[in-house]
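In: how would this look folded up:
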Amino acid sequence: MFDRLVERFCEFDDFCNAVRAEWKAMLLSNSKASDRQYGPEGGLADSEIMTLLVLYHSSRFKNFKTFYNGIVLGLLRACFPGAPCYERFIALTSRVWTLLVFFLASRMGRKTDIYYIDSTPLPVCHNRRIAKHKVFTGLAARGKTSMGWFFGFKLHIVFNHQREIVALKLTPGNAADTTPVPGLTKDLSGKLFGDKGYIGQKLAQELLRRGLILMTRVRSNMKSLPVSFLDKALLNGRNIAETIIGHIKEFSSLRLPKHRSVFNAFTHVTAAIIAYQIDPLPPRPIRVILP
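Out: Next up, the predicted model:
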């Protein structure tokens, strides 16, 4: 967990310096007034906050307060001497959400012409507490998956066959799996493999017109079409999406019910995705079984 801490910090710090330089170049004036700071210093640089958030989602801790008070203020105190108290750090995290989003956009996976798509629910509260829930009012919605009803969001992710995230989108829980597909795959071509939730003639034709072939398993009342052995092997490997999503949710902390701030919740979701993107699961060779 800590063996590449300095490397991670340098990566975030270089990114923040590059963004800051571009931001200053876009300002109308380079006077001293534009660089004036208001309010007390935060104690931590933006790159340090980003490093700690991503480190938390790589640490397998399930409670950020325990991680921060025990690890950051304890074991890593010498590495982060300006680390404030837990409450102050929570107040500072919202200011790095935009930087984390830009960093994630710069670390998207390669386009390999072979992609997998899947979605996963992110509930924000128990179904019995929907009427009392206030944090995500107007954003979250009630949806249904194969596991039952939930209230929250859906995270839609597209992977390449190298197990790298290529595109992702967060939607309300009532959004159909097929709704964000055109936007997620607008720059992709090749073959896209998904589960039965992505079956749709209109969607398949729309994707095919721009060079992306959608392939799914058919339902019991549908006629199956002949496919090559390679395509069948790739389709059989569609569970790679479920494996990656399960890995992210198991070893990161995508638990939205504990958050009391929308910005902090989305910041942690972004940091969890970055934690996986920096250290993805190793790819496996495609096995084709001939008859």
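
In: And the helices in the stretch 51-200 of the chain?
Out: Remark: helices of the stretch 51-200 of the chain, listed N- to C-terminal, are 64-67, 86-93, 97-106, 181-184; assignment by DSSP state H, counting those that start in this stretch.

In: Please convert those to TSV, extending it with mean neighbour count and mean pLDDT.
Out: (Glycine included, C-beta is placed from N, CA and C.) Putting the helices of the stretch 51-200 of the chain into TSV (neighbours: other Cβ atoms under 10 Å; pLDDT from 0 to 100) gives the following:
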stretch	mean neighbour count	mean pLDDT
helix 64-67	17	92
helix 86-93	16	91
helix 97-106	17	94
helix 181-184	17	94
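
In: In a markdown table, list the ones you listed along with distance to residue 238.
Out: Shown next, in a markdown table, are the helices of the stretch 51-200 of the chain (distance: least, Cβ to Cβ, whole Å):
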| stretch | distance to residue 238 |
| --- | --- |
| helix 64-67 | 33 |
| helix 86-93 | 35 |
| helix 97-106 | 24 |
| helix 181-184 | 15 |
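
In: Nearest approach to residue 75 belongs to which of those helices?
Out: The closest of these to residue 75 is helix 64-67. By Cβ to Cβ, the value is 10.4 Å.

In: For that closest one, list the C-alpha coordinates in PDB.
Out: What follows is helix 64-67, C-alpha atoms only, in PDB (Å, rounded to 0.1, in the frame of the first residue of the first chain):
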ATOM      1  CA  PHE A  64     -12.200   6.700   6.100                       C
ATOM      2  CA  LYS A  65     -12.200   8.200   9.600                       C
ATOM      3  CA  THR A  66     -10.300   5.100  10.900                       C
ATOM      4  CA  PHE A  67      -7.900   5.300   8.000                       C
END
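
In: Off-centre distance for that helix?
Out: 21 Å (Cα atoms, centre = their mean, to the nearest Å).

In: next one: stretch 97-108
Out: With Cα atoms, centre = their mean, you get 10 Å for stretch 97-108.

In: hang on, isn't residue 82 packed against residue 49?
Out: No: counting by Cβ atoms under 8 Å, residue 82 stays clear of residue 49, with 10.7 Å between them.

In: out of the two, which sits in the busier spot?
Out: residue 49 (26 against 10; other Cβ atoms under 10 Å).

In: any idea how the chain splits into domains?
Out: Annotated domains of the chain cover 5-28+42-105, 110-250 [automatic domain parsing].

In: Could you point out which of these sits nearest residue 275?
Out: With Cβ to Cβ, the closest approach to residue 275 among the domains of the chain belongs to domain 5-28+42-105: 3.9 Å.

In: Return the residues in contact with residue 284.
Out: Applying Cβ atoms under 8 Å, 6 or more residues apart in numbering to residue 284 gives no contacts.

In: Find the residue closest to residue 174 in space, skipping its chain neighbours.
Out: Setting aside the residues directly before and after it, residue 174 is nearest to residue 141 in space (Cβ to Cβ, 6 or more residues apart in numbering), at 4.1 Å.

In: whoops, residue 179 was the one
Out: Closest residue to residue 179 apart from its sequence neighbours, by Cβ to Cβ, 6+ apart: residue 171 at 6.9 Å.

In: what number of residues lie near the residue nearest to residue 199 when sequence neighbours are not counted?
Out: Once flanking residues are discounted, residue 199 sits nearest to residue 216: 5.3 Å by Cβ to Cβ, 6+ apart. Counted with other Cβ under 10 Å, the neighbours of residue 216 add up to 18.

In: List phi and psi for residue 216.
Out: Main-chain torsions, residue 216, degrees, to the nearest 10: phi -140, psi 170.
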